[in-house]
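Colleague: I'll drop the sequence and a predicted model, then ask my questions.
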Amino acid sequence: MARYRGPKTKIARKFGEAIYGADKYLEKKNYLPGMHGNGRRRRKLSEYALQLKEKQKVKYTYGVLEKQFSNLFKKASSSKGITGEVLLQLLESRLDNVVYRLGLAPSRDGARQLVSHRHISVNGSNVNIPSYTLKAGDIISVREKSKSLESITNSLTSRANYAWLEWDSSLKSGKFMNIPERSEIPENIKEQLIVELYSK
C-alpha cells in the first residue's frame, strides 16, 4: 500500500501549517525546511506555484496519492454542485477520515492503519479499504475484539464533535449522518485554487 512515509515535520514546515496535527518541532522551527533555514530569501510564488502548493497540501492532509486525487477531482467535476466543495466532501466521506473524525485514532495515518488491520466495520461488515466512501446513515463501529485496544481508548479521551457525525460511546460506534457542508469542514484549504489548477 503506497503512502508518504517521510519526515512529517518537514512537510508541515513546507506549508507552514501543522497538517499532521500538533507538532512541537514546527513551533520551534516555523520556517521553510532546508540548509539555509530562516535566512533564505523568499521569492514571490507564481499563480501556478500557489495552486500546486494548495493541491499538494490537500493530498498530504488526507493521505491521498496523485492518481487517487485526480480520480476524485474527475468525480467531483462531473457531480452537481461547486466542484471544490464536492471534492472536499468526497475526501471527508472516506472511511479513514471519518474514523479519524470520530476520535478513534489520533491521526489519519492511525485511522488508516485501524481500517487496514480490520478493526473497523461498516454496517456490521468488516471493511479494510481506507478509501471506502461512506453514505448518509452508515454505521461505523469498532469490532468487538478491538474495543479494548489501548490506542483507541487513549484517542477517544480527546475526541472532537462534528455536526455530521453521531457517536455512541457505550457501543463504540458512530453514525455518518450526512455529507458535511463546506462551513463544517475545519481544514484551512482554498479549494478554488485546486479547481483553477485542473482547469488549465
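Modeller: Received the coordinates, thanks.
Colleague: Distance of residue 116 relative to residue 122?
Modeller: 14 Å (CB to CB, to the nearest Å). To be clear about C-beta, it is placed using only N, CA and C from the backbone, and glycine gets the same treatment.
Colleague: Have a look at these two and say which one is more surrounded.
Modeller: Between residue 116 and residue 122, residue 122 has the larger neighbour count (other CB atoms under 10 Å), namely 19 against 14.
Colleague: Who does that one form a beta bridge with?
Modeller: residue 125, residue 140 (DSSP bridges).
Colleague: Quickly note the distance from the spatially most central residue of the chain to residue 189.
Modeller: Nearest residue to the geometric centre of the chain (CA atoms, centre = their mean): residue 62, 3.0 Å. Noted for residue 62: a distance of 10 Å to residue 189, by CB to CB.
Colleague: ranges for the helices of the chain?
Modeller: 8-15, 24-28, 47-62, 66-77, 83-92, 95-101, 108-116, 150-156, 191-198 (DSSP state H).
Colleague: List the contacts of stretch 147-155.
Modeller: 103-106, 110, 114, 119, 142, 146, 172 (CB atoms under 8 Å, 6 or more residues apart in numbering).
Colleague: Which pLDDT value does the model give residue 83?
Modeller: Residue 83 is assigned 94 on the pLDDT scale.
Colleague: tally of neighbours for it?
Modeller: For residue 83, using other CB under 10 Å, the count is 18.
Colleague: what residues are up against it?
Modeller: Applying CB under 8 Å, 6+ apart, the residues contacting residue 83 are 73, 76-77, 195.
Colleague: among these, who's most crowded?
Modeller: residue 76 leads these on contacts (other CB under 10 Å) with 23 neighbours.
Colleague: Could you measure from that one over to residue 183?
Modeller: For residue 76, the distance to residue 183 - CB to CB - is 18 Å.
Colleague: now residue 55
Modeller: For residue 55, the distance to residue 183 - CB to CB - is 22 Å.
Colleague: repeat for residue 109
Modeller: 26 Å.
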